[in-house]
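[1] Give me a 3D structure for the following:
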Amino acid sequence: MQISKFEKIFYRVFLVLFLVYLLGPLLIVMLLSFNTSPAPTLPMKGFTLEWYRQLFMDKQLKESILNSIIVAIGVTLISVSVATTTSFALVRYRFKGQNGFYALALSPIITPGVILGVSILIFLYKIHFEPGLKAVVLGQSSFIISFAMLTIMARLRKFDLSLEEAAQDLGASKIKAIFKITIPYLKPAIVSAASLSFLLSFDNFNTTLFLVGNERTLPIQIYSMLRFGLSPKINAISTILVVLTVLAGFFSSRTGKKEEAY
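    Numbering: from 1, shown residues only. Next comes the predicted model:
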């Protein structure tokens, strides 16, 4: 089926408009982070790096970034570990109630973050577990595990079990065959799941707001700053986060492609 010249033009215009709609606000935010005016509005009055310098001088901001990194690392370790073992259970074995368990494991994805945060907070109070960074790690892991599980399961389903059987025929135990054959095969999916888990945790707000207590992560700190009005410092933070997210996504994509090629 041939596409007419009008359809080609229409698709290109639509693509350009879609990219402008998607990336335009981000580009404006990044541009305003270099504006000399304290009012984050166009047109720009000059170019400066002052707002970035102030970020590195802000102790509360640096503490919130460190808290976000600590939480994200903890969530990533828990999510990838649980998601990997759960993926093996769902893909390799058949047991009574498997479909129900699968639906339950994925249900946090469609549960609003506010409801999830309130529910976890009530549960933690019931077991006398105080809000804080540990509570945030547990709360975020409860739904990020689902995303990691979907990523790992998609690749595990493509694995040829005869490779494990061949390794066992050559004298390897079941566990050794999994760690020597299957886990390396899953490495691209595990890297992608870890990157996704880290990013989802780092910028999570809804669930974190109810569980963080007196501590502050970066999204909570930004929310606190927004209550006093817009500031170019917020634009600077956003620019750094956008750049780091793009780099993390690029690294994850490149790592996955290299491993698959190998």
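[2] how many neighbours does residue 120 have?
    By other Cβ atoms under 10 Å, 22 other residues sit near residue 120. From N, CA and C alone the C-beta is placed, and that goes for glycine too.
[3] Leaving out sequence neighbours, find the closest residue to it.
    Computed as Cβ to Cβ, 6 or more residues apart in numbering, the closest residue to residue 120 that is not its neighbour in sequence is residue 139, at 4.5 Å.
[4] Which strands and helices lie in contact with the helix or strand containing the one you found?
    In the assignment (DSSP states H and E), residue 139 maps to helix 133-156. In this structure, helix 133-156 packs against helix 59-92, helix 98-110, helix 113-126, helix 183-202, helix 206-211, with contacts taken as 3 or more Cβ pairs under 8 Å, 6 or more residues apart in numbering; DSSP states H and E.
[5] Output those helices in TSV; the columns should cover mean pLDDT and distance to residue 173.
    Shown next, in TSV, are the helices and strands packed on helix 133-156 (pLDDT from 0 to 100; distance: least, Cβ to Cβ, whole Å):
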stretch	mean pLDDT	distance to residue 173
helix 59-92	90	16
helix 98-110	85	26
helix 113-126	84	39
helix 183-202	88	14
helix 206-211	87	40
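[6] winner for burial among these?
    Looking across the helices and strands packed on helix 133-156 with neighbours counted as mean count of other Cβ atoms under 10 Å, the highest average goes to helix 206-211: a mean of 22.
[7] So what does residue 36 have for phi and psi?
    Phi and psi for residue 36, reported as degrees, to the nearest 10, are phi -70, psi -20.
[8] do residue 8 as well
    Torsion angles, degrees, to the nearest 10, at residue 8: phi -60, psi -40.
[9] do residue 35 as well
    Torsion angles, degrees, to the nearest 10, at residue 35: phi -80, psi 140.
[10] What is the neighbour count of it?
    21.
[11] So for the one helix or strand residue 54 maps to, mean pLDDT?
    Counting by DSSP H and E, the element that carries residue 54 is helix 50-57. Mean pLDDT, computed over helix 50-57, is 80.
[12] Buried residues of that helix, list them for me.
    51-52, 55 (16 or more other Cβ atoms under 10 Å).
[13] Repeat that for stretch 149-157.
    So, applying 16+ other Cβ under 10 Å, buried residues of stretch 149-157: 149-153, 155-156.
[14] I'd like the next helix or strand past the helix holding residue 139.
    helix 161-169.
[15] And the contacts of whatever helix or strand comes next after that next one?
    Under the assignment DSSP H and E, the closest C-terminal helix or strand after helix 161-169 is helix 174-177. Around helix 174-177, the neighbours that count as contacts under Cβ atoms under 8 Å, 6 or more residues apart in numbering are 164, 167-168.
[16] Check which helix or strand residue 223 maps to.
    Going by DSSP H and E, residue 223 is in helix 218-226.
[17] related to what we said a few turns ago, could you single out the nearest of the contacts of helix 174-177 to residue 191?
    Residue 191 has its nearest neighbour among the contacts of helix 174-177 in residue 164, at 21.2 Å by Cβ to Cβ.
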